[in-house]
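A.B. asks: Quick one, what's the 3D model for this:
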Amino acid sequence: MHKMSAYRVVLIRAASASLLSSMMFTIMAVYYVQEIGMNPLQLVLVGTVVEATTFVFEIPTGILADVYSRRLSIIIGELLMGLCFVIQGLVPVYGAVLAAEFIRGVGWTFVSGAEEAWLADEVGGEQFGCVYARMRQVGRVGGLVGMGLGVALATVRLSLPVFLGGLGSMLLAGFLALAMSETNFVRRGPAAASRVGDDTPCRERYNPWRPMRQSLMDGLGLVHRRPVLWMLILVSLVLGIQSEGFDRLWEAHLLAGFRFPMPGTLEPVVWFGIIGIISTVLGILTSEGGIRYIDMTDSRTALRALKGSTIVSALCTIGFGLTGHFWPALVAFWGRSVAGTVFDPVYTAWLNRHIDSDVRATVFSISGQANSLGQVAGGPAIGLLGMMVSLRASMLASGMLLLPAMALFRHHEGHEPAPLVADTEPLD
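C.D. replies: Numbers count the residues shown, from 1 in each chain. Okay, the predicted model is just below:
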């Protein structure tokens, strides 16, 4: 198969992966609660397994991507994540779900960091922000289709979207193996070592641990030298602390705390599909506005966008927890979703512009590991709060935990960014 341009591959992957993910996750909470019978703490512990695994494997797999191949890392990750959901669709048992989520955690670490690093190298540092935002936008379109498919398949059998989504992810890995190129990556592993002069001992040239260790030290050194990277990584930690409880429990909060309109006519799984579709449409519109009006190469504009979206997210999360009415709760949920649509691409682009190419995946993985550590620390606590007090209390706690991120942004306000890295060719 002829290799495609990076821009086309990333858009195809974004649309396909989001379609499959939305097809599964639109109904996943209902599947967990109604088919497997999970309680709030068990729901959060599923996420804790993923995040604990991510915390352990994030940096090692990021280093492997920087040393050997980001393309191969993405393919392996996609394959493992597909396997996770095939298992969950076939074996609706809590223990099997935890084992599958461990596999998913390992797979996610292969993709996390490697995808952003591969994209930045292939399309260039200056164009990364816009391309990444466009990728997210195309992903939301795919997600919109996936939600409809997930709901339709779930009306036949709740496990069907999960199994087919996993199978589709494995097929996507096969497509990437055939279509994905890697033209601007400079390998730091044995192949690079073999080009060293003849006076270098063979033992030193082909030691696989040497470039991996060097990549880790270079990445940590870069973070140490650039305070803005420390700030962004601490923000990632804070977001992890507050996000895990909300992401795992918001559906359970709606199921337990609200009376859905038109009972007997529209099942909860259909309502979650409708909620997700509206959230995705709002995300597409917001993303287009962000691409047009947010200059991701300007530090002050990026900081304002991050601060504003964090404030909106905190207020909407608190509102989601406080209200006792169905429609205001949905408005608050959609507001949080829109805020995340603004935050994610700006954060990633701002982080990317401060990273040197040869340690890009490693530093992205350090940020991802900070997020995972936050989720491991915050998720079980918020889940336990949901069991012992109420799910409403869990939602309020998630909103309040966003306040430290605001303090970090305020502390670094006015920080001047490092020069942009312009390192490759224009798009097709």
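
A.B. asks: so residue 353 makes contact with residue 346?
C.D. replies: No - in this structure, residue 353 is not within contact of residue 346 by C-beta atoms under 8 Å, at 10.9 Å. C-beta here means a position set from N, CA and C on the backbone, and glycine is covered the same way.

A.B. asks: Identify the contacts common to these two.
C.D. replies: Both residue 353 and residue 346 are contacted by residue 129, under the criterion C-beta atoms under 8 Å, 6 or more residues apart in numbering.

A.B. asks: Could you list the low-confidence segments of the protein?
C.D. replies: The model of the chain has pLDDT under 70 over residues 1, 125-126, 186-216, 218-220, 222-224, 262-266, 291, 357-359, 361, 413-428.

A.B. asks: residue contacts, the spatially most central residue of it?
C.D. replies: By C-alpha atoms, centre = their mean, the mean C-alpha position of the chain lies nearest to residue 112, the distance being 7.5 Å. Contacts for residue 112 (C-beta under 8 Å, 6+ apart) come out as 54, 58, 61, 62, 77, 364, 365, 368.

A.B. asks: in what helix or strand does the fifth one lie?
C.D. replies: If I follow you right, that is residue 77. helix 70-90 (DSSP states H and E).

A.B. asks: so what secondary structure elements neighbour that helix?
C.D. replies: On a contact count with 3 or more C-beta pairs under 8 Å, 6 or more residues apart in numbering; DSSP states H and E, helix 70-90 meets helix 40-67, helix 94-111, helix 114-123, helix 160-179.

A.B. asks: Now for residue 235: which residues touch it?
C.D. replies: Contacts of residue 235 by C-beta under 8 Å, 6+ apart are 306, 347, 405, 408, 409.

A.B. asks: and after the helix or strand containing it, which helix or strand comes next?
C.D. replies: According to DSSP H and E, residue 235 maps onto helix 227-257. Using DSSP H and E, the helix or strand that follows helix 227-257 in sequence is helix 268-293.

A.B. asks: List the buried residues in the following helix or strand past that next one.
C.D. replies: Per DSSP H and E, helix 268-293 leads on to helix 299-322 as the next helix or strand towards the C-terminus. Residues of helix 299-322 classed as buried by neighbour count (16 or more other C-beta atoms under 10 Å): 299, 302-303, 305-307, 309-321.

A.B. asks: Stretch 120-133 too?
C.D. replies: For stretch 120-133, a neighbour-count test (16+ other C-beta under 10 Å) marks 120-133 as buried.

A.B. asks: Output the residues you listed as a markdown table; include the columns distance to residue 82.
C.D. replies: A markdown table is the format used below for the buried residues of stretch 120-133 (distance: C-beta to C-beta, whole Å):
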| residue | distance to residue 82 |
| --- | --- |
| 120 | 25 |
| 121 | 25 |
| 122 | 24 |
| 123 | 26 |
| 124 | 30 |
| 125 | 31 |
| 126 | 34 |
| 127 | 30 |
| 128 | 27 |
| 129 | 29 |
| 130 | 29 |
| 131 | 25 |
| 132 | 23 |
| 133 | 26 |
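
A.B. asks: Adding distance to residue 295, write the helices and strands packed on helix 70-90 out as JSON lines.
C.D. replies: Output for the helices and strands packed on helix 70-90, formatted as JSON lines (distance: least, C-beta to C-beta, whole Å):
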{"stretch": "helix 40-67", "distance to residue 295": "28"}
{"stretch": "helix 94-111", "distance to residue 295": "28"}
{"stretch": "helix 114-123", "distance to residue 295": "18"}
{"stretch": "helix 160-179", "distance to residue 295": "32"}
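
A.B. asks: Could you identify which of those is most buried?
C.D. replies: A comparison of the helices and strands packed on helix 70-90 by mean neighbour count, using mean count of other C-beta atoms under 10 Å, puts helix 114-123 on top with a mean of 26.

A.B. asks: So which residues make contact with that one?
C.D. replies: Helix 114-123 has contacts (C-beta under 8 Å, 6+ apart) with 6-7, 10, 61-62, 65-66, 70-71, 73-74, 77, 128, 131-132, 135, 181-185, 348, 352, 357, 360-361, 364, 423-424, 427.

A.B. asks: Drop anything exposed from those.
C.D. replies: Buried members of the contacts of helix 114-123, counted by 16+ other C-beta under 10 Å: 6-7, 10, 61-62, 65-66, 70-71, 73-74, 77, 128, 131-132, 135, 182, 184-185, 348, 352, 357, 360-361, 364, 423-424.

A.B. asks: Spell out the secondary structure type for residue 158.
C.D. replies: Classification of residue 158 using DSSP: H, G, I helix; E, B strand; the rest coil returns coil.

A.B. asks: and it, what does it touch?
C.D. replies: Contacts for residue 158 were tallied using C-beta under 8 Å, 6+ apart; they are 27, 30, 31, 34, 35, 269.
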